[in-house]
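Asker: let me see the structure of the following:
(one chain, ligands or ions: 1)
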Amino acid sequence: MSSSSSSVPLVLLREQGSVAILELNRPDKRNAISLAMVQALDRCLGRLSPAVKVIVLAARGEHFSAGLDLSEIPEMTAAQGVHHSRAWYQVFDRMQFGRVPVIALLHGAVVGGGLELAACAHVRVAEDSAYFGLPEGQRGIFLGGSGSVRVTKLIGVSRVTEMMLTGRVYNADDALRIGLAHHTVPAGAGMTKALELAARVAGNAEMSNFAILHTLPLIAEQPMSHGLMTESLIAAITQSEPAAKERVQAFLAKRAAKVAPL
Ligand code: 1HE
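Answerer: Okay, the predicted model is just below:
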């Protein structure tokens, strides 16, 4: 467990074999993200054992996260604000571009910085109760936890603009439709679904997962000729791994599962 200076752990970490479950643990403040919580997340990411192959990021209480801890804003100078954002970026980068994929399990409010955090995950499962908003405009502030980059990459500049201007809130079904969520499940069924997906993710060859996490976002930002070169290089490296040779041989010898609808 990782804690702030008080004895209350702001983020809980437990490992179940190859799966690490990280939970935001500030339900009384609706998991508002303080700098201490960002640092607690960072410490948890740094403590994962080598056996971990996938993270499930979830939250205690009725809401995933109410976003930035607004009590940190009034005393902050402009310079401190820049460093505050950059502290979030460092940890969020560590999550998105880490060693292992992250599956976010979302319920209740997923707003502001909570949505920015969810956008770092590689797979998002939304329970029916989940709702998504960017109320920064209403609070007189702006995205500061990478949302203008990460959320915009998920749903586009136009939707983020409209959400921020009008205070629009998307529900779980909307989120699935526009690409904020990959799966929706009934309330209470999220952890089962997340663990089922985690088992599939953990079953992949490690180098394949690494290539997916680290090169797809890079290739998406490269000109086509660079992207194709990057792809050919990472494809060659990935398929040269012993794990790839074994898996391909297993398929050719009819020992591996076929692709089938779920
Ligand atoms: C908070 C925060 C917070 C709750 N910072 N303390 N985010 C927002 O603008 C969302 C603000 N929060 C809400 O709209 C609501 O709290 C919820 C819809 C999420 C939940 O409502 P509810 O009725 O269950 O809880 P509540 O009574 O509003 O809040 C319970 C407590 O949590 C209360 O404190 P208490 O001491 O009076 O018990 C609230 O003050 C506290 N609380 N949300 C601080 N966000 C890096 S840039 C990102 C920019 C942003 O994220 S902007 C979006 C900020």
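Asker: going forward, measure contacts and count neighbours with C-alpha atoms only.
Answerer: Fine.
Asker: residue 143: how many residues sit nearby?
Answerer: Here the number of neighbours of residue 143 (other C-alpha atoms under 10 Å) works out to 19.
Asker: what's the answer for residue 233, then?
Answerer: Neighbours around residue 233, by other C-alpha under 10 Å: 11.
Asker: you'd agree it is in a helix?
Answerer: Yes. Read with DSSP: H, G, I helix; E, B strand; the rest coil, residue 233 is one of the residues of a helix.
Asker: residue 7 looks like it's in a helix, true?
Answerer: No. Residue 7: not assigned to a helix; according to three-state DSSP it is coil.
Asker: now do it: how many residues are near it, please.
Answerer: 8.
Asker: residues from this protein in reach of the ligand?
Answerer: 28-30, 32, 66-71, 85, 109, 112-113, 135-136, 143-145 (C-alpha under 6 Å from any ligand atom).
Asker: any idea how far residue 240 lies from residue 247?
Answerer: To residue 247, residue 240 is 11 Å away according to C-alpha to C-alpha, to the nearest Å.
Asker: run the chain-centre distance for stretch 130-139.
Answerer: Averaging C-alpha positions (C-alpha atoms, centre = their mean, to the nearest Å) puts stretch 130-139 18 Å from its chain's average.
Asker: and stretch 145-162, by the same measure?
Answerer: 15 Å.
Asker: report the buried residues of it.
Answerer: 145, 146, 147, 148, 150, 151, 152, 154, 160 (16 or more other C-alpha atoms under 10 Å).
Asker: cool, and stretch 19-33?
Answerer: In stretch 19-33, residues buried by neighbour count (16+ other C-alpha under 10 Å) are 19-27, 30-33.
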